[in-house]
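Trainee: next one to model:
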Amino acid sequence: MITRWRRSLAAARAHLGRSVAALAPGADATDPGNEVLRLGIKDTPAIGDELRRRLAAEPGLAWLTVDRAAPGGRAVDTGLLNPLTGRPMTGSTSGGPVNILLGIIDLCVGTDGGGSVLGPAAATGLAGIIGSGLGLTCPVERVSTDGFAFRPALGVIARDWPTARTGFRALLRASGAAEPPAAPLAGLRVALPRPGSVTLPDGADMAAELEPYLRPLWAAGAEPVAVDMTGIAARERAMALLREIWATADLAVTLEGPVDLLGRGDSVVGSLGPPGAALQARGGKYLLRALNLVGCTGIALPVPRLSSGLILAGPPGPVGAASGG
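Mentor: Numbering: from 1, shown residues only. The predicted structure is shown next:
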């Protein structure tokens, strides 16, 4: 009988040089059984060998693939297609989400400088988490194409929210970070876009599209705080908003997308004159491009809308991470 691991291993081999950069060390010499979660880790030196070993040793996880990363760390990967949209895959954590959709792995660990975990998760209808607010960052410093200094956040993308939470807890343990406490929803102040302040690339009003997904929060006692989010497609404006918003809110929620379907949310493209700027503006990325840069915890949750997701942002610190989770 061919086990799930062996089927996944064969599929990973078939995609070598595409979404799979390499097999994990020893992946073809073992069969951990059907109960484990199959893990991919991004092909980047920002995730060190020791962290890879610790993740591979986490109970319930089995490391299968080293996943492709967008060349140069770009926010789009022009060498890999999104299986859902047929457009260039959102990056730079690009290969892992594709491998999840292909059924090769259940979850992947990646890095997010300016949206490179949350963006790919939303673009592929998957769940994602980044841990900037908990200090879960890589020990390297970089500068974005548009001039912002940052340390990449560590994060997880998974087939669904329960799997993402399991993977993120494993990442916290492997990194030596503490899990944040649970936070009650009653009384939680939730910032959301004021109607008419953000128009999505397909012409929809973000506030109107978001409202149906927020009803469980209001039923649980959370309190809405409408915020003028005009201009948050620009990273600098999104960063400023996220720094200001915590005076009146404990959590911010947006609906972002369609990601890289009607445009290209890539600062390289955006730097190339008016045509590039217009194409970037239609990339469907908003707060997700800024969360790591201002030290926030971020979550992407799938919605039944092509290449889109709910983005939840919590302020820096364990309390903010608890609000988002």
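Trainee: got the contact list for the host helix or strand of M89?
Mentor: Secondary structure from DSSP states H and E places M89 in strand 88-90. Among residues not part of strand 88-90, those counted as contacts by C-beta atoms under 8 Å, 6 or more residues apart in numbering are 70, 75-78, 80-82, 97-98, 119-120, 122-124, 259-260, 264-265. The C-beta positions use only the backbone N, C-alpha and C, and glycine is treated the same way.
Trainee: need the buried ones from those selected in ChimeraX.
Mentor: Entered in ChimeraX, the line below selects the buried ones among those, by 16 or more other C-beta atoms under 10 Å:
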select :70,75,76,77,80,81,82,97,98,119,120,122,123,124,259,260,264,265
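Trainee: among the contacts of strand 88-90, name the ones in helices.
Mentor: P97, V98, G119, P120, A122, A123 (DSSP state H).
Trainee: tabulate those residues (a markdown table), appending pLDDT and distance to D228.
Mentor: Listed next are those as a markdown table, based on pLDDT from 0 to 100; distance: C-beta to C-beta, whole Å:
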| residue | pLDDT | distance to D228 |
| --- | --- | --- |
| P97 | 98 | 32 |
| V98 | 98 | 37 |
| G119 | 98 | 24 |
| P120 | 98 | 29 |
| A122 | 98 | 23 |
| A123 | 98 | 27 |
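Trainee: W218: which of those is nearest?
Mentor: A122 (23.2 Å; C-beta to C-beta).
Trainee: identify the residues contacting the closest one.
Mentor: Neighbours of A122 in contact, by C-beta under 8 Å, 6+ apart: T90, G128, E256, G257, V259, L288, A300, P302, S307, S308, G309, I311.
Trainee: how many neighbouring residues does L312 have?
Mentor: 23 (other C-beta atoms under 10 Å).
Trainee: tell me the strands beside the strand or helix carrying it, with direction?
Mentor: Assigned by DSSP H and E, L312 belongs to strand 309-314. For strand 309-314, the pairing partners within the sheet under DSSP bridges are strand 251-256 (antiparallel), strand 297-302 (antiparallel).
Trainee: any chance of the contacts of A122 in a markdown table, with pLDDT and distance to G147 too?
Mentor: What follows is the contacts of A122, written out as a markdown table (pLDDT from 0 to 100; distance: C-beta to C-beta, whole Å):
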| residue | pLDDT | distance to G147 |
| --- | --- | --- |
| T90 | 98 | 21 |
| G128 | 98 | 25 |
| E256 | 98 | 23 |
| G257 | 97 | 26 |
| V259 | 98 | 23 |
| L288 | 98 | 19 |
| A300 | 98 | 25 |
| P302 | 98 | 32 |
| S307 | 98 | 27 |
| S308 | 98 | 28 |
| G309 | 98 | 27 |
| I311 | 98 | 23 |
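Trainee: from these, which is closest to E141?
Mentor: L288 (21.1 Å).
Trainee: could you pull up the residues touching the closest one?
Mentor: Taking C-beta under 8 Å, 6+ apart as the test, what L288 contacts is G115, L118, G119, A122, E256, G298, A300, I311.
Trainee: got CSV for the residues you listed, with distance to L61 too?
Mentor: Below are these laid out as CSV (distance: C-beta to C-beta, whole Å):
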residue, distance to L61
G115, 25
L118, 22
G119, 24
A122, 24
E256, 29
G298, 22
A300, 21
I311, 26
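Trainee: hang on, isn't L107 packed against I157?
Mentor: Yes - in this structure L107 lies within contact range of I157 using C-beta atoms under 8 Å: 6.6 Å.
Trainee: can you list residues touching both of those two?
Mentor: In contact with both L107 and I157: I100, A164, using C-beta under 8 Å, 6+ apart.
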